[in-house]
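let me see the structure of the following:
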Amino acid sequence: MEAPLIREAQLLDQGIQALSDLLGPEWQVARRPNKSSVFDAALEVRAEGDSTYTQLLVEATQAVPPRFVVDRLVPKVQLLREVNHYTNLLVIAPWISSHARDLLQRNRIAYLDLTGNVGIRVSRPAIIIHTVGADRAPRSAPRETSRTTLAGVKAGRLVRLLADVPPPHRATDLHRASALSLPYVSRLLEVLEDQLLIHRKGRVVVDVDWPRLLQARAQEASLLGHGAYRGFLAPNGVPAVLQQTSQLPAKGDFSASDGVSVTGSYAAQRFVQVAVGGQLVLYVARWLNTDDVADELGLLPVTEGADVLLLNEPDPFVRRRSEFVDGVQYVAPSQAALDCLAGPGRMPAEGEALLNFMEAHPQAWRAPAKFQGTAKYGDLPPVED
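Now for the predicted structure:
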């Protein structure tokens, strides 16, 4: 259910009260007549008994996409500083993402959200406040500009394509290669552009910030929340399970090994070594029975202390551009990075290390040239809306 919008007056009142609480009783936060239609409120902040004060012009907004910071707020604050160097801009919102907060800090724009993310630095009088609130948008916070998000199977497909295949891209190319509807692709591209995760010239995607794109997707999609999963114990150890994976019997016209793929820590460890071992996470294709796979691998079901997790594959696309090594199928580095970043325990640290490797060695994993239609990704079934 979409969160109701907080009325502007209520947002202002809550934000100003939060600022007053942070400063404490020895400071005064007073609203002054707002003579400008450009800003939502004017605040005067001073220490009690001190004649020196600072003026904060407030921008109260329901959402702060990074593109809004760059296109709207930065020009405002630049003009403001030309007029009065000691007047500061304060952005108040229900929630502000980490990327938007970084952009605000970089441009010396103060911010405060209702989850507790606050960054205010004023030279006269000296005020420095930095607190950390929610890193993910709470359900009570309204969505930014669109109901289309990076959550869900469809978004996962498009993120993988944008990460794996260098631009340029047209929406029609992505539509054909992903088997997603063209309207959906267009809507998600608009959201990604608002988040400064992609850049377009006209209708063509010309640049993709794929590391941040993978991180943003991981924030919206928990690895163990994709679908059903079960934990198992490997009596003979994880290496024995990997060897057995390459020897799974045929299932009809297919080898069962084609439907079982390694992700998570063991997929990341092909490229980076943060720690030894860890849980073995295996995707199991929809045309395979998880219990049958567990039996073939000699696994014992457990409710805690599992060293092997079998995950129902949320989408066949997770196996796109996978690679077989000694008969064992490993997901592509971009999928492994996504799953590690969205995984439990030490997996996010492994995901960050893998991202660093991928940035340093793009030739080791990115497609060498622009795809044409579905030629390089195969024919895919449409994803249900």
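
please enumerate the strands of the stretch 151-300 of the chain.
For the stretch 151-300 of the chain, the strands defined by DSSP state E, counting those that start in this stretch cover 169-170, 198-201, 204-208, 229-233, 250-251, 254-255, 260-263, 280-284, 300-301.

determine the set of other helices and strands touching the last one.
Okay, so that is strand 300-301. On a contact count with 3 or more C-beta pairs under 8 Å, 6 or more residues apart in numbering; DSSP states H and E, strand 300-301 meets strand 229-233. (C-beta placed from N, C-alpha, C; glycine too.)

tilt between the strand it packs on and strand 280-284?
Using axes from the mean of the first three to the mean of the last three C-alpha atoms, to 10 degrees, the direction of strand 229-233 lies 130 degrees away from that of strand 280-284.

show me what strand 229-233 is packed against.
Using 3+ C-beta pairs under 8 Å, 6+ apart: strand 229-233 touches helix 290-296, strand 300-301, strand 308-312.

most tightly surrounded among those?
Per-stretch averages of neighbours, counted by mean count of other C-beta atoms under 10 Å, single out strand 308-312 among those, with a mean of 20.

neighbouring contacts of the next helix or strand after that one?
Going down the chain from strand 308-312, the next helix or strand is strand 323-325, by DSSP states H and E. Contact with strand 323-325 is made by Arg270, Gln329, Tyr330, Ala332, as judged by C-beta atoms under 8 Å, 6 or more residues apart in numbering.

what about Gln219, distance to Asp315?
19 Å (C-beta to C-beta, to the nearest Å).

neighbour count winner among those two?
Asp315 (20 against 17; other C-beta atoms under 10 Å).

quick one, phi/psi of the residue sitting furthest away from the middle of the chain?
Largest separation from the mean C-alpha position in the chain: Gly49, at 46.1 Å (C-alpha atoms, centre = their mean). Gly49 adopts backbone torsions of phi 80, psi 0, taken as degrees, to the nearest 10.

confirm that Thr121 sits in a strand.
Quick fix: residue 121 reads Arg, not Thr. Yes: secondary structure assignment places Arg121 in a strand (DSSP: H, G, I helix; E, B strand; the rest coil).

one step back: worst average pLDDT in the strands of the stretch 151-300 of the chain?
Here these differ in mean pLDDT, and the lowest is strand 254-255 at a mean of 66.

how about the helices in this protein?
Listed in chain order, the helices of the chain (DSSP state H) span 8-23, 66-68, 74-83, 98-106, 153-164, 171-178, 182-194, 210-220, 238-245, 265-268, 290-296, 333-341, 347-360.

who's in contact with the shortest one?
Which is helix 66-68. Against helix 66-68 from outside (C-beta under 8 Å, 6+ apart): Thr61, Ser97, His99, Ala100, Leu103, Glu193, Asp194, Gln195, Leu196.

buried only: go through those residues for me.
Thr61, Ser97, His99, Ala100, Leu103, Glu193, Asp194, Gln195, Leu196 (16 or more other C-beta atoms under 10 Å).

Arg136: which of the helices and strands packed on strand 229-233 is closest?
Of all those, it is strand 308-312 that lies closest to Arg136, at 21.9 Å by C-beta to C-beta.

angle of that closest one against strand 229-233?
Using the same axes, to 10 degrees: strand 308-312 against strand 229-233 is 160 degrees.

and for Val238, the neighbour number?
16.

my bad, should have said His130
So His130, with other C-beta under 10 Å, has 10 neighbours.

how about the contacts made by the residue lying closest to it once chain neighbours are set aside?
Excluding its sequence neighbours, the residue lying closest to His130 (C-beta to C-beta, 6 or more residues apart in numbering) is Gly119, at 5.5 Å. Gly119 makes contacts with Arg101, Leu104, Gln105, Ala110, Tyr111, Leu112, Ile129, His130, as judged by C-beta under 8 Å, 6+ apart.

and Gly119, how far from Trp287?
50 Å.

before we move on, what about Leu297?
17 Å.

which one of the two has more residues nearby?
For Leu297 versus Trp287, neighbours defined as other C-beta under 10 Å are more numerous around Leu297 (23 against 13).

where does pLDDT dip in the stretch 51-200 of the chain?
139-147 (pLDDT under 70).

so which bits of stretch 9-27 are buried?
Leu11, Leu12, Asp13, Gln14, Gly15, Ile16, Ala18, Leu19, Ser20, Leu22, Leu23, Trp27.

wait, the first one sits on Val91?
No: Leu11 sits out of contact with Val91 when judged by C-beta atoms under 8 Å, with a separation of 11.1 Å.

common neighbours of the two, please.
Counting by C-beta under 8 Å, 6+ apart, the residues touching both Leu11 and Val91 are Ala60.

so how many other residues sit close to the spatially closest residue to Leu57 that is not a sequence neighbour?
Nearest residue to Leu57 in three dimensions, chain neighbours excluded: Phe39, at 4.3 Å (C-beta to C-beta, 6+ apart). Residues lying near Phe39 (other C-beta under 10 Å) number 17.

residue numbering should commence at 164 henceforth.
That works, and once the first residue is 164, the last one we named lands at Phe202.

how close does Phe202 get to Val491?
60 Å.
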